[in-house]
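In: coords please:
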Amino acid sequence: MAEVIVVSSRQAAGALVAEAIERLVATKPDAVLGLATGDTPLPVYRALAERVQAGLDLSGVRGFALDEYVGIALDHPESYHSVIDREVVRPLGLTPSAVHVPDGRPLGIETAGERYETAIVAAGGIDLQLLGIGTDGHIGFNEPGSSFASLTRVKTLTRQTRDDNARFFDSVDDVPVHSITQGLGTILRAKRLVLLAFGAGKAHAVAAAVEGPLTASVPASAIQLHPRATVVVDEEAASMLTELDYYREAFAQKPVWDPVVL
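Out: Model (predicted):
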């Protein structure tokens, strides 16, 4: 069972996870982070940026983004190369060459997944993988039906995912149809998983991922297979969890030797 932590706000979630990352970096200055994009992880990145301004040094940290659109220009403002640079690399003072994003350029796309997997392995694997969750239960761009053994590869996005992401573009027609994404098998190899979700719109997906059956129809249910997975949610996103009282009690009674999140 994943550890479930219910917080009062996105800001509280960001502070909680940022504290865990700071502890990780204190013991491993060149820690490898798995970087999610979208609105969900922003509170974590903003909380980390505040810590950097207060003196936290993250310059040795390495990173691997979860995914990228296929066929989008690298300098497009909504390419994940641009998003990661804008929201993570520059605010956190990371070394640009140490932060990697899947190569979504059409030329060479046939081997891009294999090359990304090789780079992750060469870095020693991901120490902490940040995850969001889609309204249909996807993580990364692993749409429903994705294999739990899948590695980084090209996926066709569902209409629902494209509709959900249309807010970042002029229209849904501008959202790319294909992506390259870390697979569920890739994600499960990370040493630690932290999935965040906020708002009532994510409540059904969170409940299905945490308490529902293990099924490819809900890719995020793969976190049930991971020995060290933590789910950080606000009250609305937690509202459909049937074991909510237990999660609250378990967190309230957390042993002093068992650190929050890490």
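In: hey, let's count contacts and neighbours off CA atoms from now on
Out: OK.
In: okay, now the unreliable bits of the stretch 151-262 of the chain?
Out: Scanning the stretch 151-262 of the chain for pLDDT under 70 picks out 259-262.
In: which residues in it form strands?
Out: 153-156, 178-181, 193-197, 229-234 (DSSP state E, counting those that start in this stretch).
In: likewise for the stretch 1-150 of the chain?
Out: Going by DSSP E, counting those that start in this stretch, the stretch 1-150 of the chain shows strands at 3-7, 32-35, 62-65, 67-69, 99-100, 128-131.
In: please convert the ones you listed to JSON lines, extending it with mean neighbour count and distance to Asp174.
Out: Output for the strands of the stretch 1-150 of the chain, formatted as JSON lines (neighbours: other C-alpha atoms under 10 Å; distance: least, C-alpha to C-alpha, whole Å):
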{"stretch": "strand 3-7", "mean neighbour count": "21", "distance to Asp174": "35"}
{"stretch": "strand 32-35", "mean neighbour count": "24", "distance to Asp174": "24"}
{"stretch": "strand 62-65", "mean neighbour count": "25", "distance to Asp174": "22"}
{"stretch": "strand 67-69", "mean neighbour count": "27", "distance to Asp174": "11"}
{"stretch": "strand 99-100", "mean neighbour count": "20", "distance to Asp174": "24"}
{"stretch": "strand 128-131", "mean neighbour count": "24", "distance to Asp174": "24"}
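In: of all these, which one comes closest to Ala207?
Out: strand 3-7 (10.8 Å; C-alpha to C-alpha).
In: about what we covered before: among the strands of the stretch 151-262 of the chain, which comes closest to Gly71?
Out: The nearest among the strands of the stretch 151-262 of the chain, by C-alpha to C-alpha, is strand 178-181 at 7.9 Å.
In: excluding sequence neighbours, find me the nearest residue to the residue positioned nearest the centre of the chain.
Out: Nearest to the mean C-alpha position of the chain, counting by C-alpha atoms, centre = their mean, stands Leu131 at 2.1 Å. Of all residues not flanking Leu131 in the chain, Leu195 sits nearest, at 4.5 Å (C-alpha to C-alpha, 6 or more residues apart in numbering).
In: great, nothing more from me.
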